[in-house]
Every structure is written in C-alpha cells, then in structure tokens.
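J.: What follows is a protein structure lacking sequence information:
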C-alpha cells in the first residue's frame, strides 16, 4: 500500500506541474530561457525571524522570481549535512541559493556543488576587506559575503567598575580577574562554546591564532598545528577548566547555552558573537545596562578572532541562475544590509554601516566589532573541512576535559590532520 500511496502522490505532483506549465505558457518558457524564475533559498534556522520580511520585499518587486525560504536546523553541523545531501543528489535539487557558513565555501566549491560567480555583478569593493577572502577558492569567486562576524569578549561592566578594573586585554588579566573577582560576586569566571561541535573548532582556532599559530597552511594541504603557539593556546583553555575559572559546565555550551548563562547573570566573561550582546543588553534582560564588549584578549594584547558569518552561493543545480545572482545582489545591497543589522542583529558586510552614527548609537559595539573583523582570520581552508573540524573538536574537547595534556593533544591533532590532508 505504501508504494501505491507514493505513486498517487507522484501523479498528483505531475498533474500540478503540467497544469502550472500550461497556465504560465510562453512567459515560463521565456523565464527559463534567460535563467530567470522562482527560487528556493536554504538557510540555517532564522533565530530572529528577520529573513522572511526581507524576502517579502523581493517577492513583491519580482513576482515572477518569487523566493521560497527553507529553514534548516539551527545547528551548523546539521545544516551542512542536509545541504550536502541535496547537493550530492541528481539535479534538480531542492535548493537554488544557499546561505552557507563562510568556511563551507572551499569545501562546496572543490566538490563542484556551487557555481563560480562573476565578480562584476556584486559590490565587493564596498565590503569589509577580510570578508571577501572567505568567498573565494582557487582564485575564483564562488559565493558572495552576506553576513560577517567576529568573536567578542562580553563582560560585566558593573562588576569591573565596582572593582576599579578595566576589561582584560591579555590572557593573564582575564585569568586573574576570572579567578579572583568572579567568586566574590557569585559568578563563574569565563566561558566560550566548548561542546564538541563547530563552535569548539572556532574557539580552539582563536586560541591558537591569538598565540601566533596556525592549524593548516595554504588551501589546507599543509598541517602546521604542531607548534609552541598551539600548545600555548590549547593549554590556556585547558588550564582554565582544570583550575575552575572556566566552569566544567562550559564543556556542554553551544552559543545559546553560553549566551543564556551570561544573560541570566551567571558569568563574568563570555566569548560569543555580537548577537549575544544584543540579547543581553535588551530591555528585560537581567544584565541590561550592566555589560560591555571588547576584542578578545591574547597572550600579550588583543587576540585574533575567527572570521565568522555566512556567504550566499548558487547551487550547481540551480534552475534559474540569473535570478539567483539577482537575489544575491539584492540581499547585499546597502538598504537590505542595513536591515540585516537592524532587524536581524547580524553584522553586515558593508563597511560604511560600521561608521553610521545612528547605527553606532543603537549598536554601540559596532566600532569594536569592526576592529575585530579587520584583524580576524578565517578558519583553515580545506576541501575536507568537515573532517578537519571533527578532528579539532574531538581532540580539543578531550584536552579540556583533562583526558590529554595540551602537548599530547597537539601531537595527536597533527597526526590525525596529516592523515586527512595526506
């Protein structure tokens, strides 16, 4: 009976398709001929609900190129898995335009899943300089930056002011304040995102980069992680858990859990993306009016954030590639990028918005974020990035949990990455 019901559904779909074709007639033929027509945009879950209204504006102005939004899971790993399954399949797939994590661009391009794009169709010279490199692979543009991001250190300004302390600029200052001041106020000291998922890869890379190290070289063909800098960076995090100024509970934190701990008034310091500042500073938050944000600290001064955010790419199976490129140009226009920030609390890629006085008044962290983005570094580029990230997550989590020393973790990391890249 199951196959009969499936066959019935298939027949119904065929009738709908044929009926729709007959109704649209020559206009559908014309749209297909010039690469224009309806689209599907796939993205990770839209936590702030801003994207639907943006697409409604496009749909009103382009009724023959309507976009259907498909929201995938909030988890980056689950979203990537669903996109990869669709892109590996036979054409046509479900998705035409993909809102992808910046670090998937190399992997998707190397696999032939996304199309190269003409640079002259997009306002790349108006973007913050580092973000464009996240959209290229092997010298070609394969996506267009849509949202950028950099990690910030959020802190309880009221507590530090009461103690007469400036926010920390170095790891030593962070460690000392987290260890000595936080307990006086019933707070945990410091947390990031330390559950073994993509967020831990980001936190680990930031620690290694801040100490002056790298994980992979070039386009991912060289393993460079076996260094004193990597041992120092991972050692800093592992020591925090061992000594207690990073709570063991943080080993279960993703972005949302860590944001909630800070917003609820349980943390003195938090590494997170800017959206966590917006939520914590919002009316009704227990810590509203009591927080600040500065660049991530490093061993001897400001550290290095991983460059986050997302890029818009066109599937190799896209039904209407010209419409797809037109939609991407719309979503990266100045007017829409402004709404990405004001409606979605997401950092735009357009450089001039970070100096807009009205926006800076509303989002006071923008100058700090701009500084962090301009000095940020991308995660390791690799055609096998998913495997690279899984190895980093597993090895670093073991080190933070005390199952390996930082020295042993770095040696293991180098061996396992060698096996992937070799």
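T.: Done, it's in. None of these values were measured; they are calculated from a predicted model. Residues are numbered from 1 along each chain as shown.
J.: Helices of the stretch 151-300 of the chain, start to end?
T.: Assigned by DSSP state H, counting those that start in this stretch, the helices in the stretch 151-300 of the chain fall at 157-163, 171-180, 198-210, 228-243, 255-263, 274-281.
J.: Pick the most deeply packed of those helices.
T.: Comparing the helices of the stretch 151-300 of the chain by mean neighbour count (mean count of other CB atoms under 10 Å), helix 198-210 comes out on top with a mean of 26. For the C-beta atoms, the positions are set from N, CA and C on the backbone; glycine is no exception.
J.: Now do that helix against helix 255-263, angle only.
T.: Put simply, helix 198-210 runs at 70 degrees to helix 255-263, going by axes from the mean of the first three to the mean of the last three CA atoms, to 10 degrees.
J.: Not counting sequence-adjacent ones, nearest residue to residue 222?
T.: Excluding the flanking residues, the one nearest residue 222 by CB to CB, 6 or more residues apart in numbering is residue 216, at 6.4 Å.
J.: So what's the predicted local confidence for that neighbour?
T.: Residue 216 carries a pLDDT value of 95.
J.: Assess the claim that it and residue 380 are in contact.
T.: Yes. Using CB atoms under 8 Å, residue 216 makes contact with residue 380 at a distance of 3.7 Å.
J.: and the two? which has more neighbours close in?
T.: residue 380 (27 against 20; other CB atoms under 10 Å).
J.: what's the distance between the more buried one and residue 250?
T.: Using CB to CB, to the nearest Å, one gets 24 Å for the distance from residue 380 to residue 250.
J.: ok, now residue 184?
T.: Taken as CB to CB, the span from residue 184 to residue 250 is 20 Å.
J.: Neighbour count: these two, which is higher?
T.: More crowded of residue 184 and residue 250, by other CB under 10 Å: residue 250, with 25 against 11.
J.: Can you give me every residue that contacts the more buried one?
T.: Counting by CB atoms under 8 Å, 6 or more residues apart in numbering, residue 250 makes contact with 188, 191-192, 194, 241, 258.
J.: Equivalent analysis for residue 297, please.
T.: Counting by CB under 8 Å, 6+ apart, residue 297 has contacts 153, 168-171, 173-174, 210, 303.
J.: same thing but 6 Å
T.: Applying CB atoms under 6 Å, 6 or more residues apart in numbering to residue 297 gives the contacts 168-171, 174, 303.
J.: List the beta-bridge partners for it.
T.: residue 302 (DSSP bridges).
J.: follow-up on the earlier one: measure the residue nearest to residue 222 to residue 61 for me?
T.: Per CB to CB, residue 216 is found 43 Å from residue 61.
J.: How about residue 51?
T.: In terms of CB to CB, residue 51 sits 16 Å off from residue 61.
J.: Looking at these two, which is more packed in?
T.: A direct count of neighbours by other CB under 10 Å for residue 51 and residue 61 places residue 51 higher, at 21 against 9.
J.: Any regions of the stretch 251-400 of the chain where pLDDT drops low?
T.: By pLDDT under 70, the stretch 251-400 of the chain contains no weakly predicted segment.
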